[in-house]
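Enquirer: mind folding the following:
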Amino acid sequence: MELAYIPSPSRGVIHLGPIPLRGYAFCIIIGVFVAVWLGNKRWIARGGRAGTVADISVWAVPFGLLGGRLYHVITDYELYFSEGRDWVDAFKVWEGGLGIWGAIALGAVGAWIGCRRRGIPLPAYADAIAPGIALAQAIGRWGNWFNQELYGKPTDLPWALHITSSTDGRVPGYYHPTFLYESLWCVGVALLVIWADRRFKLGHGRAFALYVAAYCTGRGWIEYMRIDDAHHILGVRLNVWTAIIVFLLAVTYLVVSAKKRPGREDVVEPGADAADDEVQEADKSGTDAKAEADSDSGESEADSREAADEAESAKKT
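Expert: Numbering: from 1, shown residues only. Predicted coordinates:
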């Protein structure tokens, strides 16, 4: 008898009349909002304007979703284009299937477009949003729980994930909750980047590189636990190779960037300081005008009182 386990939801979608509310989509949307919120706070702390992160995310998010879906469809093409499969399913993002590697790669292209339009250096923007991306991944992984997918090997641990669905080749049973492992790992990555950024004043893209390297480290061992179908190269899952290559690139960037461009950017958004000065000057002018108006009002009241006193004195005389 199983004493404890993580139950799977009986279904991943709730219908509100004709409108389907999907848990997977909700997790992605909530993750995006958290990433933009935290990124905005970090951007302002670095000297940028409020709202800039959201403006650039209008480019980055759609590109990221497209890139994530393309990576998944290309690396698992047999799920959509093999015999007996319907290629239209490749467009059904709500059913799951977003590759983080493609999402980050194409999302960076969208962010680059947004940054270029605002005259902002992409590395500075990437540093600001890096922890938020990790938290977005942590939240997004719960979408896999709603879909009962991407679980690990069978286990009898008390935190085993109870899979109840038998569709698409699933075998009901108790498995390692790899979605939970990766979610917790991503939270740890976000905290690591925030701490290291404060401690070492990371700049010029190094906070983002640290996020990438740390995520790849966890993704490598978590990937070994998964039992879903995947392409293998030399007996190793494709995503493990991807994690190794991206990890090496991130570490190389960290080392080279620290030597060539130490420290942090002095200015992350041109014109932000001038805009702040204008706002402060406007506030100061408004305060001075109010004080002058109050002073004039006080003088008028004093004059009125003096005139009244004179009139009263003349009346008595």
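Enquirer: which other helices and strands does the one helix or strand F179 maps to contact?
Expert: If you go by DSSP states H and E, F179 is part of helix 178-200. Contacts defined by 3 or more CB pairs under 8 Å, 6 or more residues apart in numbering; DSSP states H and E place helix 178-200 against helix 122-140, helix 142-147, helix 206-225. All C-beta spots, glycine's among them, are computed from the backbone N, C-alpha and C.
Enquirer: and it, C-alpha only, in PDB?
Expert: Provided in PDB are the C-alpha atoms of helix 178-200 (Å, rounded to 0.1, in the frame of the first residue of the first chain):
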ATOM      1  CA  THR A 178      11.100  15.100 -12.800                       C
ATOM      2  CA  PHE A 179       8.900  18.100 -13.400                       C
ATOM      3  CA  LEU A 180       9.100  18.900  -9.700                       C
ATOM      4  CA  TYR A 181      12.900  18.300  -9.600                       C
ATOM      5  CA  GLU A 182      13.400  20.800 -12.500                       C
ATOM      6  CA  SER A 183      11.000  23.300 -11.000                       C
ATOM      7  CA  LEU A 184      12.900  23.300  -7.700                       C
ATOM      8  CA  TRP A 185      16.200  23.400  -9.500                       C
ATOM      9  CA  CYS A 186      15.100  26.500 -11.400                       C
ATOM     10  CA  VAL A 187      14.000  28.300  -8.200                       C
ATOM     11  CA  GLY A 188      17.500  27.600  -6.900                       C
ATOM     12  CA  VAL A 189      19.100  28.900 -10.100                       C
ATOM     13  CA  ALA A 190      17.100  32.100  -9.800                       C
ATOM     14  CA  LEU A 191      18.300  32.600  -6.200                       C
ATOM     15  CA  LEU A 192      21.900  31.800  -7.100                       C
ATOM     16  CA  VAL A 193      21.900  34.400  -9.900                       C
ATOM     17  CA  ILE A 194      20.300  37.100  -7.700                       C
ATOM     18  CA  TRP A 195      22.900  36.400  -4.900                       C
ATOM     19  CA  ALA A 196      25.900  36.300  -7.300                       C
ATOM     20  CA  ASP A 197      24.700  39.500  -9.100                       C
ATOM     21  CA  ARG A 198      24.600  41.400  -5.800                       C
ATOM     22  CA  ARG A 199      27.800  39.900  -4.500                       C
ATOM     23  CA  PHE A 200      30.000  40.300  -7.600                       C
END
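Enquirer: now do the helices in this protein.
Expert: In the chain, the segments counted as helices under DSSP state H are 23-45, 52-75, 78-81, 100-118, 122-140, 142-147, 178-200, 206-225, 238-260, 272-316.
Enquirer: which of these sits most buried?
Expert: helix 122-140 (a mean of 25; mean count of other CB atoms under 10 Å).
Enquirer: now the angle from it to helix 238-260?
Expert: 150 degrees (axes from the mean of the first three to the mean of the last three CA atoms, to 10 degrees).
Enquirer: how far off centre is helix 122-140?
Expert: From the chain centre to the centre of helix 122-140 is a distance of 5 Å (CA atoms, centre = their mean, to the nearest Å).
Enquirer: likewise stretch 58-66?
Expert: Put simply, stretch 58-66 sits 12 Å off its chain's centre (CA atoms, centre = their mean).
Enquirer: follow-up on the earlier one: who's in contact with the helix holding F179?
Expert: The contact list for helix 178-200, computed with CB atoms under 8 Å, 6 or more residues apart in numbering, reads 6, 127, 130-132, 134-135, 137-139, 141-142, 144-145, 150-152, 159, 161, 202, 207, 210-211, 214-215, 218-219, 222, 225-226.
Enquirer: please repeat the previous calculation with a cut-off of 6 Å.
Expert: For helix 178-200, the surrounding residues in contact (CB atoms under 6 Å, 6 or more residues apart in numbering) are 130-131, 134-135, 137-138, 141, 144-145, 150-152, 207, 210-211, 214-215, 218, 222, 225-226.
Enquirer: likewise for stretch 33-48?
Expert: 50, 52-54, 57, 128-129, 132-133, 135-136, 268-269, 272.
Enquirer: looking at the residues you listed, which one is closest to G67?
Expert: The shortest approach to G67 among the contacts of stretch 33-48 belongs to I133, at 13.2 Å (CB to CB).
Enquirer: appreciated, that's everything.
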